[in-house]
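Trainee: Output the structure for:
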Amino acid sequence: MTNTQAWITLVAGFALLAVQQVYSQEAIVPKPVATIPYRPPAVPAINPQPPAKPRWTVPPAQYDRTFNGPLLITVVSTSDELKQRCFNFNTPGMLGCAQLYAGKCEIFLLPDELIRERGWTTGLMIRHEIGHCNGWPGDHPGLRDHVER
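Mentor: Predicted coordinates:
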């Protein structure tokens, strides 16, 4: 027997032993794993829900007047866009916000249909936001309920 034949025999023997060991082991059976049922996260409402009873609020008399300066009113499409335009200020049911800078005031509002769905009118919303343009603080001190005539 030559050296080459001896090496081939040796390698074949090791291969036969390896194959024999693999097939002689018990089959590997996966163990059951406890699972938790997947519940998708709740999808947030596209727009805030209307309050049970509409509450129309207007600013105190000192702020409830026309704005003496440039006023720009921008209607945005979604609550997310409104939140973005209002510097991520967000309160439940928010319909608009006002920003005063350099003597100019910009009001951002949701579309009229959404404002009306929540029991407001665009006119009342603009009146409310102009109060903020005139210096009425965001925590609404002196808030007055609006009475329709």
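
Trainee: Tell me, please, where in this structure the pLDDT is lower than the cut-off.
Mentor: 1, 5-7, 9-56, 90, 147-149 (pLDDT under 70).

Trainee: can you pull out the helices in it?
Mentor: Applying DSSP state H to the chain gives helices spanning 3-24, 79-85, 112-117, 122-133.

Trainee: The second one - contacts with which helices or strands?
Mentor: It refers to helix 79-85. For helix 79-85, the packing partners by 3 or more CB pairs under 8 Å, 6 or more residues apart in numbering; DSSP states H and E come out as strand 96-101, strand 104-109. For the C-beta atoms, the positions are set from N, CA and C on the backbone; glycine is no exception.

Trainee: now for the last one, which elements pack on it?
Mentor: Using 3+ CB pairs under 8 Å, 6+ apart as the contact definition, the elements that strand 104-109 packs against are strand 71-75, helix 79-85, strand 96-101, helix 122-133.

Trainee: closest one to Asp139 among the ones you listed?
Mentor: Ranking the helices and strands packed on strand 104-109 by their distance to Asp139 (criterion: CB to CB) puts helix 122-133 first, at 11.0 Å.

Trainee: okay but Trp120 is in contact with Leu95, surely?
Mentor: Yes. Under the criterion of CB atoms under 8 Å, Trp120 is in contact with Leu95, at a separation of 6.3 Å.

Trainee: Only alpha carbons, please: show stretch 81-91 as PDB.
Mentor: Output of stretch 81-91 as PDB, limited to C-alpha atoms (Å, rounded to 0.1, in the frame of the first residue of the first chain):
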ATOM      1  CA  GLU A  81     -50.100  69.400  10.600                       C
ATOM      2  CA  LEU A  82     -51.800  71.700  13.100                       C
ATOM      3  CA  LYS A  83     -49.700  70.300  15.900                       C
ATOM      4  CA  GLN A  84     -46.500  70.800  13.800                       C
ATOM      5  CA  ARG A  85     -47.400  74.400  12.900                       C
ATOM      6  CA  CYS A  86     -48.200  75.100  16.600                       C
ATOM      7  CA  PHE A  87     -44.700  74.000  17.600                       C
ATOM      8  CA  ASN A  88     -45.900  70.600  18.800                       C
ATOM      9  CA  PHE A  89     -48.200  72.200  21.300                       C
ATOM     10  CA  ASN A  90     -51.200  69.800  21.500                       C
ATOM     11  CA  THR A  91     -54.200  69.700  23.700                       C
END
